[in-house]
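Asker: sequence and predicted structure below; questions after.
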Amino acid sequence: MYGISPKIHFIAIGGSAMHNLAIALKSNGYKVSGSDDEIFEPSKSNLEKHDLLPQQLGWHVDNITEDLDFVILGMHAKADNPELLKAQSLNLKIYSYPEFIYEHSKNKQRVVVAGSHGKTTITSMIMHVLKSAEKEFDYMVGAKIDGFDQMVRLSDAPVIIIEGDEYLSSPIDRRPKFTHYQHHILVVSGIAWDHINVYPSYDIYREQFDHLIKSTPRAGTLVYCEKDVEVKKLAKPDLYDVTKIPYNIQVSKIKNGQTFISHNGELFPVSFFGEHNMYNVSAALKVCERLGVEAEEFFEAIQSFKGAASRLELLAQNDKTIIFKDFAHAPSKLKATTEAVAKQYSDKKLIACLELHTFSSLNKEFIKQYKDTFDAAFVPVVYFNPETIKHKNLEQISIEDIKVAFNNKKLIVFDNSDTFREYLQNLDLTGKTLLLMSSGNFNGLNLKDFSLSLISK
């Protein structure tokens with residue numbers, strides 16, 4: 001067993017989840033160090049604020065000493081990382097961060113939110129309502145949420161809410177992260193093929209969720225989206241002694257640009273919108289009820305939910321123009337987000353810009369999955385960086401390849417960030433909604449400052 005103040009080292013501390021876990025453990029009294037060969041914002045500032053920023057970038061075997069209680073290994077590291085190799089040679093305990101989250105939470109009730117889309121928002125909604133209800137809980141979520149200082153909290157709370165990612169656990173553990181958490185309550189929002197670099201076919205990808213659902217323990221709970229055909233198939237009747245709770249779309253209406261959700265004939269104004277979010281809020285309601293929150297309390301609390309960072313986040317607005325950013329990058333997310341914004345602001349023409357940034361979205365075969373997903377935009381725009389494709393060791397794609405894949409005659413495609421920015425700067429945004437979607441940042445563009453400059457013209 002570890003001492004009063006365990007001494008730990010993070011290999012690849014700059015990751016989103018990794019650096020938040022490091023901060024959480026330091027605040028709990030752990031002696032924490034870390035290393036990485038590149039650290040970007042906001043990780044850099046967060047680590048610096050908590051005196052955890054490595055003094056120099058790179059991997060240094062001197063960081064790995066026999067007196068370490070354990071090492072936490074991030075996905076950004078490689079299997080031949082020199083620090084990892086030394087830790088292995090010293091027979092130190094090596095955790096991936098999902099393994100450690102479970103280790104710290106194995107005596108708690110564990111709620112895991114999984115699915116190809118919506119899991120960050122559903123997790124965030126649950127957290128927001130539980131906090132409003134003054135319930136004690138821990139959490140691990142993949143985005144910054146209003147009202148929460150960090151993305152990870154580990155304490156002696158009896159419950160933990162975990163966003164369950166299907167991506168790999170670490171460079172030496174090829175299992176999906178969500179397999180480690182051993183849920184009691186599981187949410188599955190939907191299945192739409194992603195992470196082609198890990199799951200080369202849809203069937204292999206789907207199989208991960210099949211295993212996850214089947215691992216639901218006796219007396220456990222499965223909350224699943226009834227609309228999603230694949231999830232519904234996997235929620236089989238032969239799951240022994242599992243309570244299955246399907247959810248559907250939450251009833252809502254839009255009035256004068258404001259979305260209201262309905263419960264028992266009463267309308268509640270909310271700041272989130274779109275059909276996909278009406279499914280998300282329905283899933284969150286089912287979980288919160290399972291955790292002892294009454295429906296009336298849920299609907300009172302959800303009115304003040306502001307959303308997770310980069311999930312339909314308002315960047316800038318005046319009386320003529322509205323600008324949002326969103327994490328959307330996969331085909332299903334792109335379609336849901338553009339349709340939501342187009343419907344919510346039907347009095348404005350939607351200019352929607354997507355950056356192809358992930359391994360899957362830049363794969364020449366996978367981009368065919370984007371067919372007909374961008375049709376809700378009045379002006380659909382795609383930007384990609386050929387250097388990113390080269391960095392990921394992928395086959396180069398052309399502007400024409402993208403136009404053919406999306407099957408949209410209105411599509412405008414840029415492969416140069418300067419030209420893309422100039423295009424946006426020269427647009428007349430009067431009576432328009434601008435939507436910027438990416439899991440990156442359009443080659444270093446400060447989206448907040450850029451958006452403010454666009455509406456100040």
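Answerer: Received the coordinates, thanks.
Asker: next, work out how far apart residue 313 and residue 319 are.
Answerer: Separation of residue 313 from residue 319 (C-beta to C-beta, to the nearest Å): 20 Å. To be clear about C-beta, it is placed using only N, CA and C from the backbone, and glycine gets the same treatment.
Asker: more neighbours: the two, which one.
Answerer: For residue 313 versus residue 319, neighbours defined as other C-beta atoms under 10 Å are more numerous around residue 313 (18 against 7).
Asker: next up, the contacts around residue 12.
Answerer: 18, 35, 36, 73, 74, 75, 76, 77 (C-beta atoms under 8 Å, 6 or more residues apart in numbering).
Asker: what residue ranges in the chain score low on pLDDT?
Answerer: 1-3 (pLDDT under 70).
Asker: per-domain residue ranges of it.
Answerer: Under the assignment automatic domain parsing, the domains of the chain span 7-92, 100-302, 313-455.
Asker: let me know the closest of the contacts of residue 12 to residue 242.
Answerer: For the contacts of residue 12, the closest approach to residue 242 (C-beta to C-beta) belongs to residue 75, at 30.7 Å.
Asker: report how many residues lie close to that closest one.
Answerer: Neighbour tally, residue 75, other C-beta under 10 Å: 18.
Asker: next: residue 320.
Answerer: Neighbourhood size, residue 320 [other C-beta under 10 Å]: 12.
Asker: now swap in residue 91 and tell me
Answerer: By other C-beta under 10 Å, the residues close to residue 91 number 8.
Asker: longest helix in this structure, please.
Answerer: If you go by DSSP state H, the chain has its longest helix at helix 275-290.
Asker: enumerate the positions of that helix that are buried.
Answerer: By 16 or more other C-beta atoms under 10 Å, the buried positions in helix 275-290 come out as 276-288, 290.
Asker: same deal with stretch 206-216?
Answerer: Residues of stretch 206-216 classed as buried: 206, 208, 209, 212, 213, 216 (neighbour count, 16+ other C-beta under 10 Å).
Asker: part of a helix, is the fourth one?
Answerer: Yes - note on residue 212: a helix contains this position according to DSSP: H, G, I helix; E, B strand; the rest coil.
Asker: quick one: contacts for it?
Answerer: Applying C-beta under 8 Å, 6+ apart, one finds that residue 212 lies in contact with 114, 164, 176, 178, 179, 186, 188.
Asker: closest to residue 96 among the buried residues of helix 275-290?
Answerer: Closest approach between those and residue 96, by C-beta to C-beta: residue 287, at 25.1 Å.
Asker: pretty sure that closest one is touching residue 247, no?
Answerer: No - taking contacts as C-beta atoms under 8 Å, residue 287 lies outside contact range of residue 247: 9.4 Å.
Asker: now list whatever residues contact both of these two.
Answerer: Shared contacts of residue 287 and residue 247, defined by C-beta under 8 Å, 6+ apart, are found at residue 223.
Asker: check the burial of the residue nearest to residue 386 when sequence neighbours are not counted by counting its neighbours.
Answerer: Among residues not flanking residue 386 along the chain, residue 415 sits closest, at 5.7 Å (C-beta to C-beta, 6 or more residues apart in numbering). Counted by other C-beta under 10 Å, the residues lying close to residue 415 total 19.
Asker: residue 415 and residue 399 touch, don't they?
Answerer: Yes - the pair residue 415 / residue 399 is scored as a contact, 6.1 Å apart, by C-beta under 8 Å.
Asker: quick one: which two of the buried residues of stretch 206-216 are the most distant?
Answerer: It's 206 and 216 that sit farthest apart of the buried residues of stretch 206-216, by C-beta to C-beta, at 16.6 Å.
Asker: how far does stretch 400-418 sit from the chain's center?
Answerer: 26 Å (C-alpha atoms, centre = their mean, to the nearest Å).
Asker: for it, buried residues please.
Answerer: Buried-residue list, stretch 400-418, by 16+ other C-beta under 10 Å: 401, 402, 405, 406, 408, 411, 412, 413, 414, 415, 417.
Asker: and the contacts of residue 212, which of them are buried?
Answerer: When the contacts of residue 212 are checked for burial by 16+ other C-beta under 10 Å, the buried set is 114, 164, 176, 178, 179, 186, 188.
Asker: residues near the spatially closest residue to residue 377 that is not a sequence neighbour, how many?
Answerer: Excluding the flanking residues, the one nearest residue 377 by C-beta to C-beta, 6+ apart is residue 352, at 3.7 Å. Here the number of neighbours of residue 352 (other C-beta under 10 Å) works out to 25.
Asker: cool, the one 5 residues further on as well?
Answerer: Taking other C-beta under 10 Å as the neighbour definition, residue 357 ends up with a count of 21.
Asker: for it, what are its contacts?
Answerer: The contact partners of residue 357, by C-beta under 8 Å, 6+ apart, come to 329, 384, 385, 388, 438, 439, 440.
Asker: and it, backbone torsions?
Answerer: Residue 357 adopts backbone torsions of phi -130, psi -30, taken as degrees, to the nearest 10.
Asker: how much space between the closest residue to residue 365 other than its chain neighbours and residue 358?
Answerer: Excluding the flanking residues, the one nearest residue 365 by C-beta to C-beta, 6+ apart is residue 196, at 7.8 Å. Using C-beta to C-beta, we find residue 196 at a distance of 9 Å from residue 358.
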